[in-house]
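Chemist: need coordinates for the below:
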Amino acid sequence: MALLGAQLVITLVMVSLIQKISPYFSFSRWLLCSTGLIRYLYPTDQQLKNIAGIPKEKPKKNSKHENGKKTDTFHIRRSLDITLETTKVSELDVIHLKYYTEFQWLLDFSIYAVITYTLTEVYNYFYPIIDDLNLSMLWCVLVIVFAFKMLVTLWAQYFKGDESVGERSTCIVAGFAYLLVAMIVLIIDENTLEIGLDKAYTSFNHSASTFLGNQGIHSAGPASQIVLKFFLALWCGLLGSLFTFPGMRMSKMHWDLLKYYKDNKFLTLLSNISFASPLFLVYLWIKPISRDYLTVRIFSGMDEPLMTSAAFDSMRLISVAVVVLLKLILMPFYLQSYLNLADQRLEYQKKEAGRITNIELQTKIAAVFYYLCVVTIQFIAPLMICLFFSFMYKTLGEYTWNGMAIEISPDECSINDESKVPTSSEEVFNFDEKTATQTAEELQLALGSLKEIFTKDVFRGLFGLATWWSCFTLFATNAMGMLYQSYFSNV
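Modeler: Numbers count the residues shown, from 1 in each chain. Sure thing, here's the model as predicted:
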């Protein structure tokens, strides 16, 4: 209970920091306004008239007004030579953007969750959390839920109205395609793809049957393995569909970044490494070319493998965090390549014939900056899902960051003591006429019962699949987007 109290102190301190610091400093606001991002301004009506040589007209008596201002619609040539003015992105600009509040909450809360998780891990290193609930997992769950909510909100926009038929069809087809891939992945032998689902199911089935037997309920197991894998495949298909357009957006920004910064060799190399890094993470779960190569094979001139099994597990977790950190560092460059899309649209328009109204031209330019926060959510949300799934994979799967296996003495493993584990539901949930201390102790016993069912093998299987699949879909959608960009750039 003392360890749980220390975690509560960390949580309360972080909540207090959020309340005190958020009004004065926001990392999301700093990212948009203090990293040198430049946006393009759409030309005013007067500027367009001067460039097009349209004479001024006398105001008409029956002219229409909107919000106290007269609307003036006129046509200009699409090939008109227009140069857009630029300005730095400021705080007054971003507060009016679509989904700015959602982006600010998601990124800022993720940063605070990372800090909370880090402090808890440091505390856990010196005072191991064995029987108590790890409160940092609640922060991780909240971040994942928020990220999923944002992606579902953006994903649902494609199913509203008749103008998004192509996007809606793409999401549906991608979802079924990833469902098929997930069903293939889930039947691959564990000696090839070491997700750990088979071991997780065996552990869960045995522990759940034992627990139900202690309650007087005789059962062979909660559910069949094929049913569980089918529902996991449905979740994988949904995640792949949610990642589809964020991945294609990421590919478009990467394609433009390579074009705009082609003279900066270091940035080009770093961005290419960042783009291909999720594929490296995918390989780390393929046993013959990762674990067997690094932890089993003994090279000539060596007496032992390059790494121990525990060190390989730690390296795999650290690699996920490094990949996410690298992408976040390069994020301002990707956002600037997106903002340059306004000038790119104008250059494409100059090659077209015909005429366009001033309102359509201004809307085309202004829409790029207006949807900046939508793009940032598409960039951030998949990364946060990958990162916090790996955090839960590490903690609940009882891995370490330093490459050392966790060794727990029998005296410390109190949940395995049969005298401390409740054997009936009445013993666990009977709170009548109990003191606060007795209630806390019984909650600890109930937590011990849950740990008997959801063992580390169960968590390793579930979050191993979640971490690997999120990394896989992140790379797969990016690769699909790059194929799309390379094909249409050559058409």
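
Chemist: show me which residues of the host helix or strand of residue 140 are buried.
Modeler: Assessed by DSSP states H and E, residue 140 sits inside helix 136-157. The neighbour-count check on helix 136-157 (16 or more other C-beta atoms under 10 Å) flags 136-137, 139-140, 143-144, 146-148, 150-151, 154-155 as buried. To be clear about C-beta, it is placed using only N, CA and C from the backbone, and glycine gets the same treatment.

Chemist: flag the shaky bits of the stretch 201-350 of the chain, pLDDT-wise.
Modeler: Of all residues in the stretch 201-350 of the chain, those with pLDDT under 70 make up the ranges 211-223.

Chemist: now the end-to-end length of stretch 283-303.
Modeler: In stretch 283-303, first residue to last residue: 26 Å (C-alpha to C-alpha, to the nearest Å).

Chemist: pull out the buried positions in it.
Modeler: 284, 285, 286, 287, 290, 291, 293, 294, 295.

Chemist: among these, name the ones in strands.
Modeler: Among the buried residues of stretch 283-303, DSSP state E puts none in strands.

Chemist: re earlier: okay, who's weakest in the buried residues of helix 136-157 by pLDDT?
Modeler: Checked by pLDDT, the buried residues of helix 136-157 have residue 136 as the lowest-scoring entry (86).

Chemist: and that residue, how close does it get to residue 464?
Modeler: Distance, residue 136 to residue 464, by C-beta to C-beta, to the nearest Å: 19 Å.

Chemist: what's the answer for residue 128, then?
Modeler: 22 Å.

Chemist: does residue 255 really touch residue 484, like I thought?
Modeler: No. Taking C-beta atoms under 8 Å as the contact criterion, residue 255 and residue 484 are not neighbours in contact, 9.5 Å apart.

Chemist: which one's more surrounded, these two?
Modeler: residue 255 (18 against 14; other C-beta atoms under 10 Å).

Chemist: grab the nearest non-local neighbour of that one.
Modeler: Of all residues not flanking residue 255 in the chain, residue 485 sits nearest, at 4.5 Å (C-beta to C-beta, 6 or more residues apart in numbering).

Chemist: how about residue 344?
Modeler: Nearest to residue 344 is residue 256, by C-beta to C-beta, 6+ apart, at 7.4 Å.

Chemist: identify the residues contacting the one you found.
Modeler: Going by C-beta atoms under 8 Å, 6 or more residues apart in numbering, residue 256 touches 337, 338, 340, 341, 344.

Chemist: do the same with residue 116
Modeler: Residues near residue 116 by C-beta under 8 Å, 6+ apart: 10, 11, 14, 136, 139.

Chemist: ditto for residue 85
Modeler: Applying C-beta under 8 Å, 6+ apart, the residues contacting residue 85 are 40, 41, 43.

Chemist: and the spatially closest residue to residue 328 that is not a sequence neighbour, what's its pLDDT?
Modeler: Excluding the flanking residues, the one nearest residue 328 by C-beta to C-beta, 6+ apart is residue 383, at 7.0 Å. Residue 383 is assigned a predicted lDDT (pLDDT) of 96.

Chemist: ok and the helix or strand that residue 383 is a member of relative to helix 136-157, angle-wise?
Modeler: According to DSSP H and E, residue 383 maps onto helix 372-396. Following axes from the mean of the first three to the mean of the last three C-alpha atoms, to 10 degrees, one obtains 140 degrees for the angle between helix 372-396 and helix 136-157.

Chemist: renumber starting at 3 from here on
Modeler: Okay, using 3 as the starting number, the last item reads as helix 374-398.

Chemist: what is helix 374-398 packed up against?
Modeler: Applying 3 or more C-beta pairs under 8 Å, 6 or more residues apart in numbering; DSSP states H and E, one finds that helix 374-398 makes contact with helix 29-35, helix 102-128, helix 138-159, helix 227-262, helix 311-331, helix 333-341, helix 458-492.

Chemist: so which of those is nearest residue 77?
Modeler: Smallest distance to residue 77 across these (C-beta to C-beta): 27.4 Å, for helix 333-341.

Chemist: output the helix or strand following that closest one as PDB, restricted to C-alpha atoms.
Modeler: Using DSSP H and E, the helix or strand that follows helix 333-341 in sequence is helix 343-352. In PDB, the C-alpha atoms belonging to helix 343-352 read as follows (Å, rounded to 0.1, in the frame of the first residue of the first chain):
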ATOM      1  CA  LEU A 343       1.000  22.700 -50.400                       C
ATOM      2  CA  ALA A 344      -0.700  26.000 -50.800                       C
ATOM      3  CA  ASP A 345       2.000  27.300 -53.100                       C
ATOM      4  CA  GLN A 346       2.100  23.900 -54.900                       C
ATOM      5  CA  ARG A 347      -1.600  24.100 -55.600                       C
ATOM      6  CA  LEU A 348      -1.200  27.500 -57.100                       C
ATOM      7  CA  GLU A 349       1.600  26.300 -59.300                       C
ATOM      8  CA  TYR A 350      -0.500  23.400 -60.600                       C
ATOM      9  CA  GLN A 351      -3.300  25.800 -61.300                       C
ATOM     10  CA  LYS A 352      -1.200  28.000 -63.500                       C
END
